[in-house]
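Participant: Need a 3D model of the sequence below.
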Amino acid sequence: MGFPGVWMTESESMIYRVVPKCACSTIGQIMYYSDHGRFFDGDIHDATEGLHKWSLDHSQGPIERAVQSHDALTFTCVRNPYARILSSFFDKIAGIQRNGRRYRGNLVPQLVQRYGIDVGSPENGFQFDQIASFRRFLLFARDTIRFRKPMEPDIHWSAMSGHISTFIVNGGRYDRIFFTETFDEGMGQVLAESDTRVALDLADVPRFNESEGHGPKRAHRVSDYFDDLSRHLVWEIYKDDFQLFRYDFNNPDNKMPLAEVDLDEVHAKLGR
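Facilitator: This is a model prediction of the structure:
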């Protein structure tokens, strides 16, 4: 199976397990800059040079050797599950992608037909009932993850623990797991402990969010989107994410983690 979702600098200074909707574009650009002294011109997910990715055939050998030798600092980044699933909805379902189209072509029309979701349009200023539509999307996301119907779960809303576990199960080990909510502190520690070619100041790094400005803005506080049923579904989908990464299930408006991640616990529970 190898190491899907893993990126590594060409200098082999750091190895990163991508977790979608957890600052992955910014992290990839920082890794690229740390080797080349410039950011990639475009979406880092489209880069086929300047950064090793498991999805590129020529990168698999170097990544596998580096993971097995564990000479490079290895890390990933996580995010509050409430905020992450909301971000997935507003970006991938309600938003327009950078190619000017809806995400995955016919996905949104399917959701309109099967789940009664309304996401508005650029023509009406994305006017729709955000809370009602999000709750219906959450039911759909649960169906994909729990029952794999009406489609396989998408990487943007499948559990973080699932992404992170594949690396462990296949023989990798993380040195750091930090929080999107304290990004500069966590990424700063990664850079400080990595033998990078080019130094950079995180205060000067832009936030790379390719979908920003191409869809509706969230109109309500986080807790307004999650009634009792919605929170039950969130717990069903993301129980491991809340527990392993120390997020507050009881208060959706508290985006901050309650404690640091216990790496030994993560490796023990996700390495089975």
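
Participant: Hmm, residue 220 is touching residue 134, no?
Facilitator: No - Residue 220 lies out of contact with residue 134 (Cβ atoms under 8 Å); the separation is 9.4 Å. All C-beta spots, glycine's among them, are computed from the backbone N, C-alpha and C.

Participant: Surely residue 96 is in a helix?
Facilitator: No - looking at residue 96 with DSSP: H, G, I helix; E, B strand; the rest coil, it is coil, so not inside a helix.

Participant: Determine how far the helix or strand of the chain with the lowest mean pLDDT lies from the middle of the whole chain.
Facilitator: In the chain, no helix or strand scores lower on mean pLDDT, DSSP states H and E than helix 107-115, which sits at a mean of 92. Relative to the chain's own centre, helix 107-115 is displaced by 23 Å; criterion: Cα atoms, centre = their mean, to the nearest Å.

Participant: And for stretch 82-101?
Facilitator: In terms of Cα atoms, centre = their mean, the centre of stretch 82-101 is set 12 Å apart from its chain centre.

Participant: likewise stretch 190-202?
Facilitator: The chain centroid and the centroid of stretch 190-202 are separated by 22 Å, computed with Cα atoms, centre = their mean.

Participant: repeat for stretch 250-267
Facilitator: 16 Å.

Participant: send the alpha carbons of it over as PDB?
Facilitator: Only the C-alpha atoms of stretch 250-267 are listed here, as PDB (Å, rounded to 0.1, in the frame of the first residue of the first chain):
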ATOM      1  CA  ASN A 250     -19.300  19.500  24.200                       C
ATOM      2  CA  ASN A 251     -18.800  23.100  23.000                       C
ATOM      3  CA  PRO A 252     -18.800  23.500  19.200                       C
ATOM      4  CA  ASP A 253     -17.800  27.200  19.600                       C
ATOM      5  CA  ASN A 254     -14.600  26.300  21.300                       C
ATOM      6  CA  LYS A 255     -12.300  25.700  18.400                       C
ATOM      7  CA  MET A 256      -9.200  25.200  20.500                       C
ATOM      8  CA  PRO A 257      -7.800  21.800  21.600                       C
ATOM      9  CA  LEU A 258      -8.100  21.000  25.300                       C
ATOM     10  CA  ALA A 259      -4.600  19.400  25.500                       C
ATOM     11  CA  GLU A 260      -1.600  18.400  23.500                       C
ATOM     12  CA  VAL A 261      -1.700  15.300  21.300                       C
ATOM     13  CA  ASP A 262      -0.200  12.200  23.000                       C
ATOM     14  CA  LEU A 263       1.900  10.700  20.100                       C
ATOM     15  CA  ASP A 264       2.300   7.400  21.800                       C
ATOM     16  CA  GLU A 265      -1.500   7.000  22.200                       C
ATOM     17  CA  VAL A 266      -2.000   8.000  18.500                       C
ATOM     18  CA  HIS A 267       0.500   5.400  17.300                       C
END
